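>>> Need a 3D model of the following:
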Amino acid sequence: MRQALEAHVETFIAHLEKERRLSPHTLSAYRRDLVALTDFCEGASLGVESVDSYAVRRFAAEIHRRGASPRSIARRLSAVRRFFAFLVRSDIIKSNPASSVQAPKQPKRLPSTLDADQVASLLALSGEDDLTVRDRAMLELFYSSGLRLAELVGVDLGDLDIPDRTVRVLGKGEKVRVVPVGRHALEALGAWLAIRGALAEPGEVALFVSRRGTRLAPRTVQARLKHWARRQGSPVSVHPHMLRHSFASHMLESSGNLRAVQELLGHASISTTQAYTHLDFQHLAQIYDKAHPRARRQDDEDPADGHQD
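Numbering: from 1, shown residues only. Purely as a prediction, here's the structure:
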């Protein structure tokens, strides 16, 4: 019984090697997964023709009991499904017993975030050259308002309202939202706007421009963020969306105001109601300044400044 199943496995592996031209590494993974199936069938006294969907589910359950992760179970079931599909095409069995067996859902990975001290270190850029001034404003706004990368590079001069302390962004689904800008970002933006005109090409409307005076490309922002993360000694690899995740995590942790955080992020669950509500953005700005980890630390250090905003 085992020998017959092993022979079918080797025929299948040979097919993958010759017809599919899979790598030795991939072939080895297939063989390991199908050896596990062979061991299970031997223990259950099942021949290849006797394996049904119930047996495949038992096989998956056995793998789970041995501590395999959902990803590993899904991979093994995929190998088993392909193996039996091959046997069906070869007229060895009539139907694929694994076709209806679903792999367990894999848990969603939690987004990576930086803690408040890591963010503060990342944003503490040293230097007053043009690019550093631009990058400081860019990263402060990125984190301050929890923007997506595409939203950040898409901001035009006319979208920024300094007196109102807001910025208008075009989010997913071409939906426009207006979000508050915190005081750290406002200060950095003020310094950038003072020199931007000398760098931007005539008629360029983008808030952030490159050395050539044109709108920054997303890949440039990614490169600059990686540059500063290395320069500031970040212990982790930092990517643009990590700043947005960190903003959301810190705001929620500090304020406990889920509704405000959802509004600021422009999540789909809120965007549908946004057109029917009149948000008090000054109130949201106050929530930001009271809750923002960097603002809170400054307040702790200088109580006299604690209620200026």
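>>> Now the host helix or strand of A188 - C-alpha only, PDB.
Assigned by DSSP states H and E, A188 belongs to helix 183-199. Extracted as PDB, the C-alpha positions of helix 183-199 are listed here (Å, rounded to 0.1, in the frame of the first residue of the first chain):
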ATOM      1  CA  ARG A 183       2.200  72.200  15.600                       C
ATOM      2  CA  HIS A 184       5.500  70.300  15.000                       C
ATOM      3  CA  ALA A 185       4.600  69.800  11.300                       C
ATOM      4  CA  LEU A 186       3.300  73.500  11.000                       C
ATOM      5  CA  GLU A 187       6.700  74.800  12.300                       C
ATOM      6  CA  ALA A 188       8.600  72.500   9.900                       C
ATOM      7  CA  LEU A 189       6.300  73.400   7.000                       C
ATOM      8  CA  GLY A 190       6.800  77.100   7.700                       C
ATOM      9  CA  ALA A 191      10.600  76.700   7.400                       C
ATOM     10  CA  TRP A 192      10.100  74.800   4.100                       C
ATOM     11  CA  LEU A 193       7.700  77.200   2.600                       C
ATOM     12  CA  ALA A 194      10.200  80.000   3.200                       C
ATOM     13  CA  ILE A 195      12.700  78.400   0.900                       C
ATOM     14  CA  ARG A 196      10.500  76.400  -1.500                       C
ATOM     15  CA  GLY A 197      10.000  79.200  -4.000                       C
ATOM     16  CA  ALA A 198      13.700  79.300  -4.800                       C
ATOM     17  CA  LEU A 199      13.800  75.600  -5.500                       C
END
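>>> which residues touch that helix?
123, 130, 133-134, 136-138, 140-141, 143-145, 160, 162, 165, 181, 207-209, 211, 213, 289, 292, 294-295, 309 (C-beta atoms under 8 Å, 6 or more residues apart in numbering). C-beta coordinates here come from the backbone N, C-alpha and C atoms, glycine included.
>>> Now, of those residues, which are buried?
123, 133-134, 136-138, 140-141, 143-145, 160, 165, 181, 207-209, 289, 292, 294-295 (16 or more other C-beta atoms under 10 Å).
>>> Select from those residues every entry located in strands.
With DSSP state E as the criterion, strands contain L160 from among the buried ones among the contacts of helix 183-199.
>>> shaky segments in the protein?
The chain contains residues with pLDDT under 70 at 106-111, 252-309.
>>> Tell me which residues touch L152, please.
138, 141-142, 169, 208, 221, 240.
>>> what's the answer for V56, then?
Neighbour list for V56: 77, 80, 97-98, 101 [criterion: C-beta under 8 Å, 6+ apart].
>>> got the phi/psi numbers for the closest residue to G213 other than its chain neighbours?
Sequence neighbours aside, E201 is the residue nearest to G213 in space, at 3.7 Å (criterion: C-beta to C-beta, 6 or more residues apart in numbering). Here is the backbone geometry of E201 (degrees, to the nearest 10): phi -70, psi 150.
>>> chain center to the helix holding A188: distance?
Computed by C-alpha atoms, centre = their mean, to the nearest Å, the chain-centroid distance of helix 183-199 equals 29 Å.
>>> Can you tell me which helices and strands whichever helix or strand comes after it packs against?
Counting by DSSP H and E, the element after helix 183-199 in chain order, helix or strand, is helix 218-231. When contacts are defined as 3 or more C-beta pairs under 8 Å, 6 or more residues apart in numbering; DSSP states H and E, helix 218-231 packs onto helix 130-144, helix 149-154, helix 240-255.
>>> Columns distance to A68 on top of those, output as CSV?
CSV is the format used below for the helices and strands packed on helix 218-231 (distance: least, C-beta to C-beta, whole Å):
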stretch, distance to A68
helix 130-144, 39
helix 149-154, 36
helix 240-255, 29
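>>> Return the most buried member of the ones you listed.
helix 130-144 (a mean of 22; mean count of other C-beta atoms under 10 Å).
>>> same for it, what does it pack against?
So helix 130-144, by 3+ C-beta pairs under 8 Å, 6+ apart, packs with helix 116-123, helix 149-154, helix 183-199, helix 218-231, helix 240-255.
>>> and those as JSON lines, adding distance to I73?
Shown next, in JSON lines, are these (distance: least, C-beta to C-beta, whole Å):
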{"stretch": "helix 116-123", "distance to I73": "35"}
{"stretch": "helix 149-154", "distance to I73": "34"}
{"stretch": "helix 183-199", "distance to I73": "46"}
{"stretch": "helix 218-231", "distance to I73": "35"}
{"stretch": "helix 240-255", "distance to I73": "28"}
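>>> Identify whichever of these lies nearest to A7.
Of all the helices and strands packed on helix 130-144, it is helix 240-255 that lies closest to A7, at 49.6 Å by C-beta to C-beta.
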